[in-house]
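*Asks:* Here's my sequence, what's the structure:
(2 chains)
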Amino acid sequence: MKSSDQDPLESLALQVSGISKRFPGVLANDKVDFSLARGEIHALLGENGAGKTTLMNVVYGLYKPDEGEIFINGNQVEIRDPNDALAQGIGMVHQHFMLVPVMTVAENLMLGHEVTRGLKLGLLSRVDRQKVSEEIEALVELYGMEVNPEAYVHELSVGEQQRVEIIKALYRGADVLILDEPTAVLTPQETEDFFEVMRSLVKQGKSIIFITHKLKEVLAIADRITVLRDGAVVGMTKPAETSEKELAAMMVGREVLLRVEKKPAQPGEDVLKVQNLHVLDRRDQPAVRGVSFIVREGEILGIAGVQGNGQAELVEALTGLTKVIEGSIHLKDSDVTHARPRAFTETGAAHVPEDRHKHGLVLSYAVDENLILQTYYLAPFASGLNINPRAVDENARRLISEYDVRTPSIKTLVGSLSGGNQQKVIVARELSRDAPLLIANQPTRGLDVGSIEYIHRRIIEKRDEGVAVLLVSSELDEILSLSDRIAVIYSGEILAIIPVEEATKERLGLLMAGVRETQESSQAAATPME
Amino acid sequence: MSEDSEAIQQPRNLAAVIVGRISIPLLAIFTALLVASLAMLASGTNPIKAYLALGEGAFGTQKAVIETLIKATPFILGGLGIALAFRGGLFNIGVEGQLFVGSAFAVIIGYSIELPAFIHLPLALLGGMFGGAIWAAIPGYFKARSGAHEVITTIMLNFIALRVINWAIGVNGPMRAPRTVVPETPAVFESARLPILIPDTRLHAGVIIAVFAALVVYWFLWRTVAGFELRTVGANPSAARYAGINVEFNIVRTMALSGALAGLGGGIQVLGLAPYNFTTGFNVGLGFDSIAVAVLGGIHPFGVTMSALLFGAMDSGARLMQLRTKVPIDIITIVQGLILTFVAANQIIRSIYRIRARGEEDQISLGRLWGGGS
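*Replies:* This next block holds a predicted model:
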């Protein structure tokens, strides 16, 4: 651990000292010290639940600290709510955007601070769109961010919406920007662009707190790095003085395997065979357009792509949750193209869904009931009309120990477990069914490093046991470290299927952005179709 | 972070669970009585005297207790119907109409054929359940098929049931009793009537059926495969669909079962109480009061039974209270309204008595179901 940086930072934009925040039963922040120099990008690194967001919510006035002081430009301040924070020049861009989709960029920026002209009539005054648009354009020019003030927010890409959020904070006079997991929704290329924006912001004298759990990004962009664990600062360092491995160990508190260890795949027979699949989305627009691939026993096929390129609909089709318009799906030897979800589970598909709260779990059920969600009607859980509580109980006890689910009891509501343990409940349920096919959709989203490591190891184990795994993920690192072959999906089509040995981040990044490879190169990477 | 703040829950022991469950309803009742007593004081009545009279009227004599039980019986069944639907994620406001249709079916079977009692009575009761089930399955089907919200469709079917039955027992209506001046059906045959439990009283076997139904509903919800499906669909329909449960079928089945309970309640009213027929204005409002019963009872079969007894007691004790203290019977409706308000908006009670909110388990609330869509 390096506590090197003690050189006098002549002007601190923000300093917090001794911040503690208690929640019932949890010390979320424990005497945290943190400082941000003017023109600095300071990364706040930590696992989920380490206290990063709590600390920033304290600074942003959403929580009142139990102890500690906040200084801005050297003056002690009290921040009671986000309006106070804004008045002090602190702006926050949340992980989930706070924009109104049916309004234009300019209208979103004005919300709550409407600029008026002409007669002052209170709520009836006339809104001065012209002036706002001009102000936005000035900001856009200053920081080199392309955004049309008259565009409707719902027409913008995720990356553009994020820029709008940043402009919103700047427009309201923020000097200190808090960015909460800003890169989670971006492609590798978009992330690069975003880093450019961050660099140009600090060049103009803004200061940035960058909250993340991605080690590579921290090393690429931050000036200083503060690591939080269990609510306390465990270290402060600089990119030049540390490494991914060291940062991961600081975050988790022990050595972490960053690269998944795995043997070469030994693919067997075809398990899942998808041919020329066409699926519509909820608005009846084509979402999956002529997709074909095969997943074989003992291999992991990774589907890489930016979110919203048809992955969700593809998985829904592969689990019977949505209608197939054209094409076919074969699971083992059965045609399951038009089968119901239960037929998929019975034929042998296990599914770790993308949204664990909405689709994977019943949060108001205890752990034991969540573990029988698909199998409650089968022996030994069902006997005649009745559910056999002893079998349910026994199953839960076995699985929570086998899959290391940390829960006070099997009767604890799943909703009160941490995200990592919730995901382990799903993984335990799905893997324990011994299905020949495992579909894992974003299996580690939002999880801490320890849980990610665990779930990756389990998926590899299943592959080695001969299960065919279809992994859908928008995290390129995850795709690259787990997959044996990688299919890149863009706008509902698979642009290429390449063996992992031939895949590089750059190549995948280009494909994910929809840049087709030339005929020769894609043939060189030909896939074992038919 | 907020995720972690509630992370560690003590293993739950039964006593703590029960106290946790009933503290809000009890405090709601207490607060409602307190607020109503202010109204009494304002009108110059001694509320203690009034409540003592209410209690005596409900439990003071054997006859009072019997009246309380008789009044509680349809509340138990109606409340169970609503609670079952709630558990399945559905807000069945149509219990009123299902109760009417149930009594109509029971009464038709009761007066149109004469059979040995051991066949006739069960047949009439089953007929009532069938009628209620059909009347509830219709909005269930609409919801499953097109997403039509059951709150709207069940209310509309209430009106239809009421008007059709009023026509059927009206002048020249097909169900009208011959040679009568009031709109009513013929009385059911002896063989279709519920046996009287204590000779020379009105206490009929319906109360036993109702309590038995509460046990069956409990068993069904928490001990059967179908109950697991019902609760899963109610708690998270998306997860249910992902788990392979047929959500549409479950919506129809849940509504039908809910309606069957209401129909059984309606059947018991006509087969258990003199004059053993169906007449206008009969049982109006029972279905709606059952919503209050179900909510006060925490949509749990045992809670529903308790709160049905309370509602029955208030109804049967009100007369003596009015006689003794000149407090109008309507004050009981006010008390019932206040109880429901406090239970439904339980944040009020929590903030008065400083009780912390519990876990997700109790978040099946009126609000969520109302906005719950498909």
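
*Asks:* Output the set of residues of the stretch 101-250 of chain B in proximity to chain A.
*Replies:* B:223-229, B:232, B:235-236, B:238-246 (CB under 8 Å from any CB of the partner chain). Backbone N, C-alpha and C define where each C-beta goes, glycine included.

*Asks:* Kindly recompute the last result at 7 Å.
*Replies:* B:223-225, B:228, B:232, B:235-236, B:238-239, B:241-244 (CB under 7 Å from any CB of the partner chain).

*Asks:* could I get these as JSON lines with neighbour count, secondary structure and pLDDT?
*Replies:* Listed next are these as JSON lines, based on neighbours: other CB atoms under 10 Å in any protein chain shown; DSSP: H, G, I helix; E, B strand; the rest coil; pLDDT from 0 to 100:
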{"residue": "B:Arg223", "neighbour count": "14", "secondary structure": "helix", "pLDDT": "95"}
{"residue": "B:Thr224", "neighbour count": "16", "secondary structure": "strand", "pLDDT": "96"}
{"residue": "B:Val225", "neighbour count": "18", "secondary structure": "helix", "pLDDT": "96"}
{"residue": "B:Phe228", "neighbour count": "24", "secondary structure": "helix", "pLDDT": "97"}
{"residue": "B:Thr232", "neighbour count": "26", "secondary structure": "helix", "pLDDT": "96"}
{"residue": "B:Ala235", "neighbour count": "22", "secondary structure": "helix", "pLDDT": "94"}
{"residue": "B:Asn236", "neighbour count": "23", "secondary structure": "coil", "pLDDT": "95"}
{"residue": "B:Ser238", "neighbour count": "17", "secondary structure": "helix", "pLDDT": "94"}
{"residue": "B:Ala239", "neighbour count": "24", "secondary structure": "helix", "pLDDT": "95"}
{"residue": "B:Arg241", "neighbour count": "20", "secondary structure": "helix", "pLDDT": "95"}
{"residue": "B:Tyr242", "neighbour count": "24", "secondary structure": "helix", "pLDDT": "95"}
{"residue": "B:Ala243", "neighbour count": "27", "secondary structure": "coil", "pLDDT": "94"}
{"residue": "B:Gly244", "neighbour count": "21", "secondary structure": "coil", "pLDDT": "94"}
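
*Asks:* Tell me which two of those sit farthest apart.
*Replies:* B:Arg223 and B:Ser238 (25.0 Å; CB to CB).

*Asks:* ok now do B:Gly298, which residues does it touch?
*Replies:* B:21, B:25 (CB atoms under 7 Å, 6 or more residues apart in numbering or on different chains).

*Asks:* Looks to me like it is in a strand.
*Replies:* No. Using DSSP: H, G, I helix; E, B strand; the rest coil, the assignment for B:Gly298 is coil, not a strand.

*Asks:* Look up how far A:Asp448 lies from the one residue in the stretch 51-200 of chain A that gets nearest to chain B.
*Replies:* Residue nearest to chain B within the stretch 51-200 of chain A (CB to the nearest CB): A:Thr54, separated by 4.6 Å. Remark: distance between A:Thr54 and A:Asp448 (CB to CB, to the nearest Å) = 15 Å.

*Asks:* These two: who's more crowded?
*Replies:* A:Thr54 (26 against 20; other CB atoms under 10 Å in any protein chain shown).

*Asks:* Isn't that one up against A:Val26?
*Replies:* No. Contact criterion CB atoms under 7 Å: A:Thr54 and A:Val26 do not qualify, at 9.5 Å.

*Asks:* All the strands of the stretch 251-400 of chain A, in order from the start?
*Replies:* A:270-280, A:286-296, A:300-304, A:324-331, A:334-335, A:349-352, A:382-383, A:386-387 (DSSP state E, counting those that start in this stretch).

*Asks:* Please render the ones you listed as CSV that adds mean neighbour count, distance to A:Arg463 and mean pLDDT to the earlier fields.
*Replies:* Converted to CSV, those look like this (neighbours: other CB atoms under 10 Å in any protein chain shown; distance: least, CB to CB, whole Å; pLDDT from 0 to 100):
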stretch, mean neighbour count, distance to A:Arg463, mean pLDDT
strand A:270-280, 20, 12, 96
strand A:286-296, 21, 10, 95
strand A:300-304, 26, 5, 96
strand A:324-331, 18, 17, 95
strand A:334-335, 13, 22, 94
strand A:349-352, 27, 13, 96
strand A:382-383, 15, 31, 92
strand A:386-387, 17, 33, 94
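
*Asks:* With distance to A:Leu417 added, can I get the ones you listed in a markdown table?
*Replies:* Converted to a markdown table, the strands of the stretch 251-400 of chain A look like this (distance: least, CB to CB, whole Å):
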| stretch | distance to A:Leu417 |
| --- | --- |
| strand A:270-280 | 31 |
| strand A:286-296 | 31 |
| strand A:300-304 | 27 |
| strand A:324-331 | 31 |
| strand A:334-335 | 36 |
| strand A:349-352 | 16 |
| strand A:382-383 | 26 |
| strand A:386-387 | 22 |
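
*Asks:* CSV please, covering those and showing distance to chain B.
*Replies:* What follows is the strands of the stretch 251-400 of chain A, written out as CSV (distance: least, CB to the nearest CB, whole Å):
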stretch, distance to chain B
strand A:270-280, 16
strand A:286-296, 18
strand A:300-304, 19
strand A:324-331, 14
strand A:334-335, 16
strand A:349-352, 7
strand A:382-383, 5
strand A:386-387, 6
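
*Asks:* A:Ile479: which of those strands is closest?
*Replies:* strand A:300-304 (4.1 Å).

*Asks:* For that closest one, what is the distance to the chain centroid?
*Replies:* Relative to its chain's centre, strand A:300-304 lies at 17 Å (CA atoms, centre = their mean, to the nearest Å).

*Asks:* Residues in contact with it: which ones?
*Replies:* Contacts for strand A:300-304 (CB under 7 Å, 6+ apart): A:293, A:295, A:311, A:463, A:469-473, A:476, A:479, A:482-489, A:508, A:512.

*Asks:* Now do it and strand A:286-296, the angle between them.
*Replies:* Interaxial angle of strand A:300-304 relative to strand A:286-296 (axes from the mean of the first three to the mean of the last three CA atoms, to 10 degrees): 160 degrees.
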